[in-house]
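Enquirer: Mind looking at a prediction? Sequence and model below.
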Amino acid sequence: GQQLNQSPQSMFIQEGEDVSMNCTSSSIFNTWLWYKQDPGEGPVLLIALYKAGELTSNGRLTAQFGITRKDSFLNISASIPSDVGIYFCAGQLAGDDKIIFGKGTRLHILP
Amino acid sequence: GAVVSQHPSWVICKSGTSVKIECRSLDFQATTMFWYRQFPKQSLMLMATSNEGSKATYEQGVEKDKFLINHASLTLSTLTVTSAHPEDSSFYICSGLDSPYGYTFGSGTRLTVV
């Protein structure tokens, strides 16, 4: 089936550092979505991207829809303790309602 | 914004029994509902897609007789895990689709089969 390759799998950073994670695929996507999931909860949408090349910010978060439509990245600037969690990319293929998820990036912030 | 209410948030059941999980879209009409399963430290895996009033479409490898999905109205979809076994223990999450909100996820149901 379709796969999204998300990296890194996990990150250990100091508070205040910037974070970058990305997703790539061999398939072309119409939509890229970035979610955060806290333990025992459903994913919460952070940023949605609908056009190739689109760069969108949500507070300290910035995400871009790759020009080739096969990749996307998410940056978090000046990380704070509440940024800890798992971040998932998700993509919607052309002509399909369903979205598929990357394997997630687990963000840890060192005290 | 859109809200999907998912119940129960957790359930423990005996092996061989059935469990029903409900998802309700509270302030929008979910024409399509997606059901995911998530094992510990893994990603969300799509199990099935259901459209209101029609049969669900299951992903490859998902047993339709074991995971019964009903989407009888635009605001309610249910997933019934029939004859549950310990290997069915997982975190089940629904997601409703409606423009302009896009995809809205429920808060998940932790199923433990003992």
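Expert: Yes, it's here. Residues are numbered from 1 along each chain as shown, chains lettered A, B, ... in the order given.
Enquirer: Quick check, the residue in chain B closest to chain A?
Expert: residue B:105 (3.8 Å; Cβ to the nearest Cβ). To be clear about C-beta, it is placed using only N, CA and C from the backbone, and glycine gets the same treatment.
Enquirer: Give me the spatial nearest neighbour of that residue, chain neighbours excluded.
Expert: Using Cβ to Cβ, 6 or more residues apart in numbering or on different chains and skipping the chain neighbours, the partner closest in space to residue B:105 is residue A:42 (3.8 Å).
Enquirer: tell me which parts of chain A are close to chain B?
Expert: Applying Cβ under 8 Å from any Cβ of the partner chain, we find that chain A lies next to chain B at A:1, A:33, A:35, A:40-45, A:48, A:88, A:97-104.
Enquirer: List only buried entries from those residues.
Expert: Buried residues within those, defined by neighbour count using 16 or more other Cβ atoms under 10 Å in any protein chain shown: A:33, A:35, A:41-43, A:45, A:48, A:88, A:98-104.
Enquirer: quick revisit: look at the residue nearest to residue B:105 and tell me its secondary structure.
Expert: coil (DSSP: H, G, I helix; E, B strand; the rest coil).
Enquirer: In contact with it, which residues?
Expert: Taking Cβ atoms under 8 Å, 6 or more residues apart in numbering or on different chains, we find residue A:42 in contact with B:4, B:6, B:93, B:95, B:105, B:106, B:107, B:108.
Enquirer: What residues are bridge-paired with the fourth one?
Expert: To tie it back to what came earlier, the one meant is residue B:95. With DSSP bridges as the criterion, residue B:95 is bridged to residue B:34, residue B:105.
Enquirer: need the contact list for it.
Expert: So residue B:95 contacts A:42, B:4, B:33, B:34, B:35, B:36, B:103, B:104, B:105, B:106 (Cβ under 8 Å, 6+ apart).
Enquirer: Tell me how far it lies from residue A:75.
Expert: 25 Å (Cβ to Cβ, to the nearest Å).
Enquirer: next one: residue B:54
Expert: 41 Å.
Enquirer: Between those two, which has more neighbouring residues?
Expert: Using other Cβ atoms under 10 Å in any protein chain shown as the criterion, residue B:54 and residue A:75 rank with residue A:75 on top: 15 against 8.
Enquirer: so that one makes contact with residue A:59?
Expert: No - here residue A:75 lies out of contact with residue A:59, judged by Cβ atoms under 8 Å, at a distance of 11.6 Å.
Enquirer: show me where the chain has strands.
Expert: Unless you meant another one, I'm taking chain A. Counting by DSSP state E, chain A has strands at residues A:5-7, A:10-14, A:19-24, A:29-37, A:44-49, A:55-58, A:61-65, A:71-76, A:85-93, A:99-101, A:105-110.
Enquirer: wrong one, I was asking about chain B
Expert: So, for chain B - with DSSP E - the strands run B:4-7, B:10-13, B:19-25, B:32-38, B:45-51, B:57-58, B:67-73, B:76-81, B:90-98, B:102-105, B:109-113.
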